[in-house]
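Engineer: Attaching a predicted model along with its sequence, questions to come.
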Amino acid sequence: MTAYVVGRTSEIPPGGRKLVEVGGRSIGVFNIEGTFHALRNACPHQGAPLCLGSIQGTAEESRPGEYRWGREGRILRCPWHGWEFDITTGRSVFNPHRTRVRQYRLTVESRGESPQDPTVETYEVTVDDGVVVLHV
Amino acid sequence: MDVQEARESRLTVERRSGIVDVDVHPVPRSADEIRAYLPMPWRDRYQGERRSFFNNPVHGSRLDSVPPGGGVKGSDPDFLREQLIDSYGVAYAILISRTFCNIHPDPDYAAAIAAAFNEWLAETWLGDYNHDGAFKGSITVAQQDPLRAVAEIERWAEHPHMVQVTMDSGARAPFGQRLYYPIYEACERHGLPLSIHPGTEGMGINHQPTPGYPTHYIEWHCSMSLSFQAHLVSLLTEGVFERFPGLRIVLVECGVAWLAPLMWRLDAYWKALRSEIPWVRKPPSEYLRDHLRLGTQPLERPDEDRHFLALMEMVDAEHLLMFSSDYPHWDFDSPARAFPKLPDALRDAIFGGNARALYELDG
(Lines give C-alpha, C1' and ligand atoms only; values in the text may rest on other atoms or scores of the structure.)
Protein backbone atom coordinates (compact mmCIF):
# COMPACT_ATOMS: atom_id res chain seq x y z
CA MET A 1 0.00 0.00 0.00
CA THR A 2 1.30 3.41 -0.93
CA ALA A 3 0.37 6.72 0.64
CA TYR A 4 -0.32 9.84 -1.36
CA VAL A 5 -0.88 13.34 -0.13
CA VAL A 6 -4.18 14.61 -1.45
CA GLY A 7 -3.77 18.16 -0.20
CA ARG A 8 -4.38 20.37 2.76
CA THR A 9 -7.56 19.83 4.72
CA SER A 10 -8.48 23.47 4.11
CA GLU A 11 -8.59 22.81 0.37
CA ILE A 12 -11.60 20.54 0.86
CA PRO A 13 -14.10 22.25 3.14
CA PRO A 14 -17.18 20.41 4.42
CA GLY A 15 -19.38 19.60 1.42
CA GLY A 16 -16.40 19.95 -0.91
CA ARG A 17 -14.50 17.44 -2.98
CA LYS A 18 -11.22 17.04 -4.80
CA LEU A 19 -10.38 14.65 -7.62
CA VAL A 20 -6.89 13.17 -7.69
CA GLU A 21 -5.03 10.80 -9.98
CA VAL A 22 -2.93 8.32 -8.05
CA GLY A 23 -1.29 5.18 -9.34
CA GLY A 24 -3.26 5.41 -12.58
CA ARG A 25 -6.55 5.64 -10.71
CA SER A 26 -8.95 8.55 -10.53
CA ILE A 27 -10.20 8.98 -6.98
CA GLY A 28 -12.59 11.47 -5.43
CA VAL A 29 -11.94 12.78 -1.93
CA PHE A 30 -14.94 14.20 -0.11
CA ASN A 31 -15.37 16.10 3.14
CA ILE A 32 -18.61 15.17 4.87
CA GLU A 33 -19.06 17.25 8.02
CA GLY A 34 -15.34 17.30 8.74
CA THR A 35 -14.61 13.66 7.93
CA PHE A 36 -12.81 12.77 4.72
CA HIS A 37 -13.86 9.91 2.46
CA ALA A 38 -12.28 8.58 -0.73
CA LEU A 39 -14.17 6.81 -3.51
CA ARG A 40 -13.09 5.42 -6.84
CA ASN A 41 -14.14 7.76 -9.63
CA ALA A 42 -15.86 5.06 -11.66
CA CYS A 43 -19.45 3.99 -11.30
CA PRO A 44 -19.78 0.20 -10.94
CA HIS A 45 -22.64 0.34 -13.46
CA GLN A 46 -21.13 1.61 -16.72
CA GLY A 47 -17.90 3.25 -15.61
CA ALA A 48 -19.08 6.88 -15.56
CA PRO A 49 -16.99 9.45 -13.66
CA LEU A 50 -19.07 8.98 -10.52
CA CYS A 51 -17.23 11.53 -8.40
CA LEU A 52 -18.31 14.34 -10.73
CA GLY A 53 -21.90 13.66 -9.72
CA SER A 54 -24.15 15.86 -7.65
CA ILE A 55 -23.97 15.71 -3.85
CA GLN A 56 -27.34 15.83 -2.13
CA GLY A 57 -29.65 13.92 0.15
CA THR A 58 -32.13 11.25 -0.77
CA ALA A 59 -35.72 10.28 -0.30
CA GLU A 60 -35.29 7.38 2.12
CA GLU A 61 -37.53 4.32 1.95
CA SER A 62 -40.97 5.27 3.15
CA ARG A 63 -44.60 4.27 3.01
CA PRO A 64 -46.51 4.95 -0.23
CA GLY A 65 -47.36 8.63 -0.47
CA GLU A 66 -44.89 9.66 2.24
CA TYR A 67 -41.55 11.34 1.70
CA ARG A 68 -38.70 11.11 4.17
CA TRP A 69 -35.70 13.19 3.14
CA GLY A 70 -32.45 12.05 4.66
CA ARG A 71 -28.67 11.89 4.47
CA GLU A 72 -28.47 15.45 3.15
CA GLY A 73 -25.02 16.15 1.77
CA ARG A 74 -23.98 12.48 1.94
CA ILE A 75 -25.41 11.08 -1.27
CA LEU A 76 -23.39 11.13 -4.46
CA ARG A 77 -25.46 10.73 -7.58
CA CYS A 78 -23.84 9.34 -10.73
CA PRO A 79 -23.68 12.00 -13.46
CA TRP A 80 -24.94 9.56 -16.08
CA HIS A 81 -27.73 7.30 -14.88
CA GLY A 82 -28.27 8.88 -11.47
CA TRP A 83 -27.46 5.87 -9.26
CA GLU A 84 -27.11 7.03 -5.64
CA PHE A 85 -24.18 6.15 -3.38
CA ASP A 86 -23.60 7.01 0.27
CA ILE A 87 -20.26 8.77 0.31
CA THR A 88 -19.54 7.67 3.87
CA THR A 89 -19.87 3.96 3.06
CA GLY A 90 -19.48 3.64 -0.71
CA ARG A 91 -22.69 1.64 -0.70
CA SER A 92 -25.49 2.27 -3.16
CA VAL A 93 -28.88 3.32 -1.88
CA PHE A 94 -30.80 0.80 -3.97
CA ASN A 95 -28.73 -2.23 -3.04
CA PRO A 96 -26.19 -1.40 -0.31
CA HIS A 97 -25.03 -5.00 0.08
CA ARG A 98 -24.24 -5.82 -3.53
CA THR A 99 -23.73 -2.56 -5.40
CA ARG A 100 -20.91 -0.45 -4.03
CA VAL A 101 -18.14 1.78 -5.20
CA ARG A 102 -14.60 1.08 -4.01
CA GLN A 103 -13.57 3.09 -0.95
CA TYR A 104 -9.99 3.94 -0.05
CA ARG A 105 -8.49 4.61 3.35
CA LEU A 106 -7.67 8.18 4.26
CA THR A 107 -5.85 9.65 7.19
CA VAL A 108 -5.41 13.23 8.23
CA GLU A 109 -1.90 14.05 9.41
CA SER A 110 -2.27 17.13 11.53
CA ARG A 111 -0.43 20.04 13.08
CA GLY A 112 2.71 19.97 11.08
CA GLU A 113 3.91 16.62 12.31
CA SER A 114 5.69 14.39 9.85
CA PRO A 115 3.31 11.98 8.24
CA GLN A 116 3.22 8.67 10.10
CA ASP A 117 3.97 6.85 6.91
CA PRO A 118 7.54 7.59 5.84
CA THR A 119 6.71 7.04 2.16
CA VAL A 120 4.60 10.15 2.12
CA GLU A 121 6.27 13.02 0.36
CA THR A 122 7.14 16.05 2.43
CA TYR A 123 4.29 18.50 2.60
CA GLU A 124 4.44 21.73 4.46
CA VAL A 125 1.57 22.28 6.84
CA THR A 126 0.60 25.00 9.22
CA VAL A 127 -0.55 24.58 12.78
CA ASP A 128 -4.22 24.78 11.85
CA ASP A 129 -4.06 22.97 8.57
CA GLY A 130 -3.39 19.28 8.24
CA VAL A 131 -2.81 17.14 5.19
CA VAL A 132 -5.15 14.51 3.85
CA VAL A 133 -3.30 11.30 3.03
CA LEU A 134 -4.74 8.63 0.76
CA HIS A 135 -3.67 4.99 1.18
CA VAL A 136 -4.00 3.06 -2.04
CA MET B 1 -2.57 16.26 -50.74
CA ASP B 2 -1.25 18.47 -47.94
CA VAL B 3 -0.70 17.33 -44.39
CA GLN B 4 -4.08 18.43 -43.16
CA GLU B 5 -5.89 16.69 -45.97
CA ALA B 6 -3.86 13.57 -45.45
CA ARG B 7 -4.62 13.60 -41.77
CA GLU B 8 -8.31 14.00 -42.39
CA SER B 9 -8.26 11.31 -45.00
CA ARG B 10 -6.55 8.97 -42.56
CA LEU B 11 -9.04 9.84 -39.85
CA THR B 12 -11.89 9.15 -42.18
CA VAL B 13 -10.49 5.77 -43.07
CA GLU B 14 -9.97 4.94 -39.39
CA ARG B 15 -13.44 6.06 -38.49
CA ARG B 16 -14.96 3.95 -41.18
CA SER B 17 -13.66 0.93 -39.35
CA GLY B 18 -15.25 1.91 -36.02
CA ILE B 19 -18.59 1.79 -34.27
CA VAL B 20 -21.79 3.23 -35.69
CA ASP B 21 -24.02 4.91 -33.11
CA VAL B 22 -27.56 5.35 -34.45
CA ASP B 23 -28.99 7.71 -31.82
CA VAL B 24 -26.93 10.79 -30.98
CA HIS B 25 -28.48 14.15 -30.17
CA PRO B 26 -27.03 17.40 -31.49
CA VAL B 27 -28.23 20.22 -29.27
CA PRO B 28 -28.62 23.87 -30.31
CA ARG B 29 -26.63 26.33 -28.20
CA SER B 30 -29.85 28.25 -27.61
CA ALA B 31 -33.36 28.68 -29.00
CA ASP B 32 -31.97 31.64 -30.94
CA GLU B 33 -29.88 29.30 -33.06
CA ILE B 34 -33.09 27.70 -34.32
CA ARG B 35 -35.03 30.95 -34.40
CA ALA B 36 -32.53 32.27 -36.94
CA TYR B 37 -33.82 29.68 -39.42
CA LEU B 38 -37.51 30.38 -38.79
CA PRO B 39 -39.46 32.78 -40.99
CA MET B 40 -42.02 35.11 -39.50
CA PRO B 41 -44.50 34.72 -37.89
CA TRP B 42 -42.84 31.67 -36.33
CA ARG B 43 -39.56 33.37 -35.45
CA ASP B 44 -41.17 35.57 -32.82
CA ARG B 45 -43.27 32.75 -31.49
CA TYR B 46 -40.63 30.07 -31.01
CA GLN B 47 -39.21 29.80 -27.49
CA GLY B 48 -37.51 26.42 -27.78
CA GLU B 49 -40.58 24.59 -26.49
CA ARG B 50 -40.01 21.09 -25.22
CA ARG B 51 -42.34 18.77 -23.40
CA SER B 52 -43.59 20.49 -20.29
CA PHE B 53 -44.16 17.41 -18.11
CA PHE B 54 -42.41 14.12 -17.44
CA ASN B 55 -38.96 15.62 -17.28
CA ASN B 56 -36.39 13.56 -15.44
CA PRO B 57 -36.46 14.73 -11.78
CA VAL B 58 -32.75 13.95 -11.40
CA HIS B 59 -31.11 15.21 -14.56
CA GLY B 60 -32.04 14.93 -18.22
CA SER B 61 -28.56 14.82 -19.69
CA ARG B 62 -25.20 13.54 -18.51
CA LEU B 63 -23.85 16.06 -16.02
CA ASP B 64 -20.39 15.65 -17.52
CA SER B 65 -21.59 16.66 -21.00
CA VAL B 66 -21.38 20.37 -20.22
CA PRO B 67 -18.81 21.74 -22.69
CA PRO B 68 -15.52 22.82 -21.05
CA GLY B 69 -16.20 26.40 -22.11
CA GLY B 70 -19.68 26.25 -20.61
CA GLY B 71 -22.99 26.23 -22.41
CA VAL B 72 -25.73 23.75 -23.10
CA LYS B 73 -25.03 20.03 -22.66
CA GLY B 74 -24.35 18.33 -25.98
CA SER B 75 -24.07 21.60 -27.89
CA ASP B 76 -20.31 21.59 -28.57
CA PRO B 77 -19.26 19.34 -31.46
CA ASP B 78 -15.63 19.24 -30.36
CA PHE B 79 -16.59 18.08 -26.90
CA LEU B 80 -18.99 15.53 -28.35
CA ARG B 81 -16.10 14.25 -30.46
CA GLU B 82 -13.96 13.97 -27.35
CA GLN B 83 -16.57 12.23 -25.18
CA LEU B 84 -18.15 9.97 -27.77
CA ILE B 85 -16.32 9.72 -31.09
CA ASP B 86 -12.75 9.63 -29.80
CA SER B 87 -13.40 7.93 -26.45
CA TYR B 88 -15.08 4.93 -27.97
CA GLY B 89 -13.90 4.82 -31.58
CA VAL B 90 -17.21 5.83 -33.10
CA ALA B 91 -16.98 5.95 -36.90
CA TYR B 92 -20.33 7.53 -37.54
CA ALA B 93 -22.81 9.23 -35.27
CA ILE B 94 -26.32 9.26 -36.68
CA LEU B 95 -27.73 12.56 -35.42
CA ILE B 96 -31.37 12.94 -34.44
CA SER B 97 -32.50 16.45 -33.47
CA ARG B 98 -34.92 16.68 -30.56
CA THR B 99 -37.30 19.25 -32.02
CA PHE B 100 -40.52 18.41 -30.14
CA CYS B 101 -42.32 19.68 -33.24
CA ASN B 102 -44.99 17.02 -33.07
CA ILE B 103 -46.53 18.26 -29.82
CA HIS B 104 -48.09 21.30 -31.51
CA PRO B 105 -51.71 21.57 -32.62
CA ASP B 106 -50.80 23.97 -35.44
CA PRO B 107 -49.44 21.88 -38.32
CA ASP B 108 -47.82 24.88 -39.99
CA TYR B 109 -45.92 25.84 -36.87
CA ALA B 110 -44.86 22.22 -36.41
CA ALA B 111 -43.63 22.00 -40.00
CA ALA B 112 -41.76 25.28 -39.65
CA ILE B 113 -39.93 24.01 -36.55
CA ALA B 114 -38.98 20.79 -38.33
CA ALA B 115 -37.73 22.75 -41.34
CA ALA B 116 -35.70 25.14 -39.19
CA PHE B 117 -34.02 22.29 -37.32
CA ASN B 118 -33.19 20.59 -40.62
CA GLU B 119 -31.56 23.75 -41.98
CA TRP B 120 -29.69 24.28 -38.74
CA LEU B 121 -28.49 20.68 -38.74
CA ALA B 122 -27.35 20.85 -42.36
CA GLU B 123 -25.45 24.06 -41.85
CA THR B 124 -23.82 23.27 -38.51
CA TRP B 125 -23.36 19.62 -37.54
CA LEU B 126 -23.53 18.27 -41.09
CA GLY B 127 -21.68 21.28 -42.50
CA ASP B 128 -19.31 23.49 -40.54
CA TYR B 129 -18.75 20.93 -37.77
CA ASN B 130 -18.36 17.93 -40.05
CA HIS B 131 -14.81 18.20 -41.41
CA ASP B 132 -14.21 14.49 -40.82
CA GLY B 133 -17.58 13.25 -42.08
CA ALA B 134 -18.36 11.53 -38.76
CA PHE B 135 -21.79 13.10 -38.51
CA LYS B 136 -24.76 11.78 -40.47
CA GLY B 137 -28.14 13.39 -40.10
CA SER B 138 -31.85 12.71 -39.98
CA ILE B 139 -34.53 14.72 -41.77
CA THR B 140 -37.04 15.67 -39.09
CA VAL B 141 -40.69 15.68 -40.13
CA ALA B 142 -43.81 16.68 -38.24
CA GLN B 143 -46.48 14.04 -38.82
CA GLN B 144 -49.40 16.43 -38.18
CA ASP B 145 -49.52 17.19 -41.91
CA PRO B 146 -48.09 14.26 -43.86
CA LEU B 147 -48.03 16.20 -47.16
CA ARG B 148 -45.92 18.93 -45.60
CA ALA B 149 -43.72 16.18 -44.24
CA VAL B 150 -43.28 14.83 -47.75
CA ALA B 151 -42.23 18.27 -48.99
CA GLU B 152 -39.62 18.40 -46.23
CA ILE B 153 -38.29 14.98 -47.22
CA GLU B 154 -38.03 16.12 -50.85
CA ARG B 155 -36.07 19.14 -49.75
CA TRP B 156 -33.29 17.15 -48.12
CA ALA B 157 -33.36 13.73 -49.71
CA GLU B 158 -30.31 14.38 -51.88
CA HIS B 159 -28.20 15.91 -49.11
CA PRO B 160 -25.01 13.82 -48.89
CA HIS B 161 -25.13 13.53 -45.10
CA MET B 162 -28.87 13.12 -44.52
CA VAL B 163 -29.26 9.35 -44.21
CA GLN B 164 -32.79 8.93 -42.91
CA VAL B 165 -36.08 10.58 -41.99
CA THR B 166 -37.12 10.82 -38.35
CA MET B 167 -40.33 11.44 -36.45
CA ASP B 168 -41.49 10.97 -32.89
CA SER B 169 -43.41 7.99 -31.55
CA GLY B 170 -45.76 10.32 -29.68
CA ALA B 171 -48.79 10.27 -31.97
CA ARG B 172 -52.54 10.58 -32.38
CA ALA B 173 -52.93 7.28 -34.22
CA PRO B 174 -50.84 4.13 -34.59
CA PHE B 175 -48.34 4.31 -37.44
CA GLY B 176 -49.92 1.59 -39.55
CA GLN B 177 -52.89 3.82 -40.36
CA ARG B 178 -53.31 5.30 -43.82
CA LEU B 179 -52.88 8.95 -42.99
CA TYR B 180 -49.14 8.39 -42.68
CA TYR B 181 -48.70 6.68 -46.05
CA PRO B 182 -47.47 9.74 -47.97
CA ILE B 183 -44.50 9.84 -45.56
CA TYR B 184 -43.77 6.14 -46.10
CA GLU B 185 -44.09 6.50 -49.86
CA ALA B 186 -41.55 9.35 -49.86
CA CYS B 187 -39.13 7.41 -47.65
CA GLU B 188 -39.40 4.38 -49.89
CA ARG B 189 -39.00 6.42 -53.07
CA HIS B 190 -35.80 8.02 -51.79
CA GLY B 191 -34.47 4.89 -50.15
CA LEU B 192 -34.42 6.62 -46.77
CA PRO B 193 -35.09 4.61 -43.61
CA LEU B 194 -37.58 6.14 -41.17
CA SER B 195 -36.32 6.37 -37.61
CA ILE B 196 -38.90 6.64 -34.83
CA HIS B 197 -37.83 8.23 -31.55
CA PRO B 198 -39.75 8.60 -28.25
CA GLY B 199 -40.15 11.61 -26.00
CA THR B 200 -43.44 13.26 -26.83
CA GLU B 201 -45.83 10.58 -25.61
CA GLY B 202 -48.87 12.25 -24.06
CA MET B 203 -47.52 15.72 -24.75
CA GLY B 204 -49.50 18.39 -26.56
CA ILE B 205 -51.76 16.70 -29.11
CA ASN B 206 -50.36 13.19 -28.60
CA HIS B 207 -51.86 10.25 -26.73
CA GLN B 208 -50.14 8.50 -23.87
CA PRO B 209 -49.32 4.86 -24.54
CA THR B 210 -50.91 4.11 -21.15
CA PRO B 211 -54.66 4.16 -20.47
CA GLY B 212 -54.61 7.70 -19.10
CA TYR B 213 -51.66 9.63 -17.78
CA PRO B 214 -48.98 8.05 -15.64
CA THR B 215 -48.03 9.72 -12.36
CA HIS B 216 -44.24 9.71 -12.31
CA TYR B 217 -41.41 10.14 -14.75
CA ILE B 218 -40.19 6.59 -14.13
CA GLU B 219 -43.60 5.26 -15.10
CA TRP B 220 -43.85 7.44 -18.20
CA HIS B 221 -40.29 6.67 -19.26
CA CYS B 222 -40.63 2.93 -18.79
CA SER B 223 -43.94 2.92 -20.65
CA MET B 224 -42.57 4.63 -23.73
CA SER B 225 -41.66 1.25 -25.18
CA LEU B 226 -45.40 0.45 -25.13
CA SER B 227 -46.04 3.01 -27.84
CA PHE B 228 -43.40 1.34 -30.02
CA GLN B 229 -45.04 -2.00 -29.49
CA ALA B 230 -48.39 -0.57 -30.52
CA HIS B 231 -46.86 1.15 -33.57
CA LEU B 232 -45.09 -2.02 -34.66
CA VAL B 233 -48.18 -4.21 -34.33
CA SER B 234 -50.07 -1.58 -36.33
CA LEU B 235 -47.43 -1.39 -39.08
CA LEU B 236 -47.42 -5.17 -39.42
CA THR B 237 -51.15 -5.81 -39.29
CA GLU B 238 -52.12 -2.93 -41.56
CA GLY B 239 -49.81 -4.38 -44.18
CA VAL B 240 -47.57 -1.32 -44.47
CA PHE B 241 -44.62 -3.44 -45.54
CA GLU B 242 -46.73 -5.11 -48.23
CA ARG B 243 -47.81 -1.71 -49.51
CA PHE B 244 -44.29 -0.24 -49.28
CA PRO B 245 -41.96 -3.17 -49.88
CA GLY B 246 -38.91 -0.92 -49.80
CA LEU B 247 -39.74 0.78 -46.50
CA ARG B 248 -37.32 0.31 -43.62
CA ILE B 249 -38.26 1.42 -40.10
CA VAL B 250 -35.77 2.02 -37.29
CA LEU B 251 -37.05 2.06 -33.72
CA VAL B 252 -34.71 3.86 -31.35
CA GLU B 253 -34.69 4.33 -27.60
CA CYS B 254 -37.32 1.74 -26.89
CA GLY B 255 -35.11 -1.13 -25.77
CA VAL B 256 -35.21 -4.53 -27.45
CA ALA B 257 -36.29 -7.24 -25.03
CA TRP B 258 -40.02 -6.85 -25.64
CA LEU B 259 -39.69 -7.72 -29.30
CA ALA B 260 -39.46 -11.50 -28.89
CA PRO B 261 -42.60 -12.19 -26.84
CA LEU B 262 -44.57 -9.61 -28.81
CA MET B 263 -43.75 -11.38 -32.06
CA TRP B 264 -44.54 -14.80 -30.58
CA ARG B 265 -47.89 -13.46 -29.55
CA LEU B 266 -48.62 -11.74 -32.85
CA ASP B 267 -47.53 -14.74 -34.91
CA ALA B 268 -49.79 -16.96 -32.83
CA TYR B 269 -52.83 -14.71 -33.33
CA TRP B 270 -52.06 -14.42 -37.02
CA LYS B 271 -52.53 -18.17 -37.43
CA ALA B 272 -56.10 -17.82 -36.18
CA LEU B 273 -56.95 -14.35 -37.43
CA ARG B 274 -55.03 -13.93 -40.68
CA SER B 275 -58.30 -13.82 -42.60
CA GLU B 276 -59.07 -10.50 -40.93
CA ILE B 277 -55.87 -9.07 -42.43
CA PRO B 278 -55.39 -11.23 -45.52
CA TRP B 279 -52.71 -8.93 -46.93
CA VAL B 280 -50.38 -10.16 -44.22
CA ARG B 281 -49.12 -13.08 -46.23
CA LYS B 282 -46.65 -14.58 -43.80
CA PRO B 283 -46.15 -14.69 -40.05
CA PRO B 284 -45.70 -11.04 -39.02
CA SER B 285 -42.28 -11.70 -37.49
CA GLU B 286 -41.02 -12.71 -40.92
CA TYR B 287 -41.28 -9.11 -42.11
CA LEU B 288 -38.76 -7.89 -39.58
CA ARG B 289 -35.45 -8.72 -41.27
CA ASP B 290 -36.42 -6.90 -44.44
CA HIS B 291 -38.10 -3.91 -42.80
CA LEU B 292 -37.15 -3.33 -39.18
CA ARG B 293 -34.07 -2.37 -37.20
CA LEU B 294 -33.83 -1.40 -33.53
CA GLY B 295 -31.40 0.85 -31.73
CA THR B 296 -30.18 -0.98 -28.65
CA GLN B 297 -30.49 1.73 -26.00
CA PRO B 298 -31.75 1.68 -23.29
CA LEU B 299 -30.52 -1.89 -23.33
CA GLU B 300 -32.14 -4.33 -20.94
CA ARG B 301 -29.56 -6.26 -18.92
CA PRO B 302 -30.72 -9.32 -17.02
CA ASP B 303 -28.54 -10.24 -14.02
CA GLU B 304 -27.33 -13.35 -15.84
CA ASP B 305 -25.35 -12.80 -19.04
CA ARG B 306 -26.49 -16.17 -20.37
CA HIS B 307 -30.05 -14.85 -20.26
CA PHE B 308 -28.93 -11.82 -22.21
CA LEU B 309 -27.23 -13.95 -24.86
CA ALA B 310 -30.34 -16.09 -25.18
CA LEU B 311 -32.36 -12.91 -25.58
CA MET B 312 -30.07 -11.75 -28.38
CA GLU B 313 -30.90 -14.94 -30.24
CA MET B 314 -34.64 -14.53 -29.57
CA VAL B 315 -34.72 -11.00 -30.98
CA ASP B 316 -32.61 -11.93 -34.04
CA ALA B 317 -30.02 -9.42 -32.86
CA GLU B 318 -27.51 -10.33 -35.53
CA HIS B 319 -29.88 -8.98 -38.18
CA LEU B 320 -32.01 -6.41 -36.35
CA LEU B 321 -29.99 -4.56 -33.73
CA MET B 322 -27.84 -1.46 -34.17
CA PHE B 323 -25.88 0.04 -31.31
CA SER B 324 -27.15 3.37 -30.00
CA SER B 325 -25.90 5.45 -27.09
CA ASP B 326 -28.43 8.32 -26.82
CA TYR B 327 -25.56 10.71 -26.05
CA PRO B 328 -25.78 13.12 -24.22
CA HIS B 329 -28.95 12.04 -22.45
CA TRP B 330 -28.96 10.65 -18.93
CA ASP B 331 -29.60 7.06 -19.93
CA PHE B 332 -26.56 6.96 -22.22
CA ASP B 333 -25.37 3.44 -22.98
CA SER B 334 -21.59 3.16 -23.03
CA PRO B 335 -20.29 1.27 -26.07
CA ALA B 336 -17.72 -0.27 -23.75
CA ARG B 337 -19.96 -1.25 -20.86
CA ALA B 338 -23.59 -1.60 -21.86
CA PHE B 339 -23.17 -5.10 -23.31
CA PRO B 340 -21.60 -8.23 -21.89
CA LYS B 341 -18.99 -9.96 -24.04
CA LEU B 342 -20.58 -10.99 -27.32
CA PRO B 343 -19.51 -13.47 -29.98
CA ASP B 344 -17.44 -11.59 -32.58
CA ALA B 345 -19.89 -11.87 -35.46
CA LEU B 346 -22.77 -10.65 -33.30
CA ARG B 347 -20.73 -7.79 -31.93
CA ASP B 348 -19.64 -6.70 -35.39
CA ALA B 349 -23.21 -6.73 -36.65
CA ILE B 350 -24.62 -4.75 -33.73
CA PHE B 351 -21.80 -2.24 -33.42
CA GLY B 352 -21.53 -1.40 -37.09
CA GLY B 353 -22.37 -3.98 -39.71
CA ASN B 354 -26.14 -3.63 -39.60
CA ALA B 355 -26.04 0.17 -39.59
CA ARG B 356 -23.45 0.33 -42.38
CA ALA B 357 -25.67 -1.82 -44.55
CA LEU B 358 -28.86 0.06 -43.73
CA TYR B 359 -27.42 3.55 -44.22
CA GLU B 360 -24.99 2.50 -46.98
CA LEU B 361 -22.17 4.13 -45.04
CA ASP B 362 -19.42 2.39 -46.93
CA GLY B 363 -20.48 4.02 -50.19
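Structural biologist: Great, that's in hand. Numbering: from 1, shown residues only, chains lettered A, B, ... in the order given.

Engineer: How about whichever strand in chain A runs longest and chain B, touching?
Structural biologist: What stands out as the longest strand in chain A, according to DSSP state E, is strand A:68-77. Yes. Judged by C-beta under 8 Å from any C-beta of the partner chain, strand A:68-77 and chain B are in contact via A:Arg77. Placement of C-beta: from N, CA and C, glycine included.

Engineer: Can you tell me what sits against that strand?
Structural biologist: With C-beta atoms under 8 Å, 6 or more residues apart in numbering or on different chains as the test, strand A:68-77 has contacts from A:15, A:28, A:30, A:32-33, A:39, A:50-51, A:53-62, A:83-88, A:93, B:58.

Engineer: what helix or strand is the residue of chain A at minimum distance from chain B on?
Structural biologist: For chain A, the residue closest to chain B is A:Pro79, as judged by C-beta to the nearest C-beta, at 3.5 Å. For A:Pro79, there is no helix or strand it lies in under DSSP states H and E.

Engineer: Also B:Arg347?
Structural biologist: Using DSSP H and E, B:Arg347 falls in helix B:344-348.

Engineer: roughly how far out does that helix sit from the chain middle?
Structural biologist: 22 Å (C-alpha atoms, centre = their mean, to the nearest Å).

Engineer: Packing partners of that helix?
Structural biologist: Under the contact criterion of 3 or more C-beta pairs under 8 Å, 6 or more residues apart in numbering or on different chains; DSSP states H and E, helix B:344-348 touches helix B:317-320.

Engineer: And for the helix it packs on, what's in contact with it?
Structural biologist: For helix B:317-320, using C-beta under 8 Å, 6+ apart, the contacting residues are B:256, B:259, B:288-289, B:292-294, B:311-312, B:345-346, B:349-350, B:354.

Engineer: Which members of those are positioned in strands?
Structural biologist: Using DSSP E, those in strands are B:Leu292, B:Arg293, B:Leu294.

Engineer: now that we have those residues, which one has the most neighbours?
Structural biologist: B:Leu294 (27 neighbours; other C-beta atoms under 10 Å in any protein chain shown).

Engineer: who's in contact with it?
Structural biologist: B:Val250, B:Leu251, B:Val252, B:Cys254, B:Val256, B:Leu259, B:Val315, B:Leu320, B:Leu321, B:Met322.

Engineer: What is the neighbour count of the last one?
Structural biologist: By that I understand B:Met322. Applying other C-beta under 10 Å, we find 27 other residues in the vicinity of B:Met322.

Engineer: how about the residues of chain A near chain B?
Structural biologist: A:45-49, A:52-54, A:77, A:79-82.

Engineer: ok, and the most crowded of the residues you listed?
Structural biologist: Counting by other C-beta under 10 Å, top hit in the residues of chain A next to chain B: A:Trp80 with 28 neighbours.

Engineer: Do I have it right that that one meets A:Ala48?
Structural biologist: Yes. Between A:Trp80 and A:Ala48 there is a contact under C-beta atoms under 8 Å: 3.9 Å.

Engineer: tell me, what's touching the two both at once?
Structural biologist: B:Arg62, B:Asp64.

Engineer: and the residue of the stretch 201-350 of chain B nearest chain A?
Structural biologist: B:Arg337 (4.0 Å).

Engineer: which element is that residue on?
Structural biologist: Using DSSP H and E, B:Arg337 falls outside every helix and strand.

Engineer: which one is it nearest to, not counting chain neighbours?
Structural biologist: A:Gln46 (4.0 Å; C-beta to C-beta, 6 or more residues apart in numbering or on different chains).

Engineer: The one you found touches A:Gly82, doesn't it?
Structural biologist: No. Shown here, A:Gln46 and A:Gly82 do not form a contact pair, counting by C-beta under 8 Å, at 11.9 Å.

Engineer: Could you list the low-pLDDT ranges of the chain?
Structural biologist: In the absence of a named chain, chain A is used. Along chain A, the parts satisfying pLDDT under 70 run over A:111-128.

Engineer: was after chain B, sorry
Structural biologist: Within chain B, the segments meeting pLDDT under 70 span B:1-16.

Engineer: That one: strands as residue ranges?
Structural biologist: Counting by DSSP E, the strands of chain B are B:19-24, B:90-95, B:135-140, B:162-168, B:194-197, B:249-251, B:292-295, B:321-322.

Engineer: Repeat that for chain A.
Structural biologist: A:3-8, A:17-22, A:25-32, A:35-40, A:54-60, A:68-77, A:84-86, A:103-109, A:131-135.

Engineer: Could you identify which of those is most buried?
Structural biologist: strand A:84-86 (a mean of 23; mean count of other C-beta atoms under 10 Å in any protein chain shown).

Engineer: For it, enumerate the helices and strands it packs against.
Structural biologist: So strand A:84-86, by 3+ C-beta pairs under 8 Å, 6+ apart, packs with strand A:68-77.

Engineer: Pairing partners for the strand it packs on, with directions?
Structural biologist: If you go by DSSP bridges, strand A:68-77 pairs up with strand A:54-60 (antiparallel), strand A:84-86 (antiparallel).

Engineer: picking up where we left off before, give me the angle between the longest strand of chain A and strand A:17-22.
Structural biologist: Orientation note: strand A:68-77 sits at an angle of 30 degrees relative to strand A:17-22 (axes from the mean of the first three to the mean of the last three C-alpha atoms, to 10 degrees).

Engineer: okay, the strands of chain B in a markdown table with distance to A:Thr2 next?
Structural biologist: Compiled in a markdown table, the strands of chain B are given as follows (distance: least, C-beta to C-beta, whole Å):
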| stretch | distance to A:Thr2 |
| --- | --- |
| strand B:19-24 | 37 |
| strand B:90-95 | 36 |
| strand B:135-140 | 44 |
| strand B:162-168 | 51 |
| strand B:194-197 | 49 |
| strand B:249-251 | 50 |
| strand B:292-295 | 44 |
| strand B:321-322 | 44 |
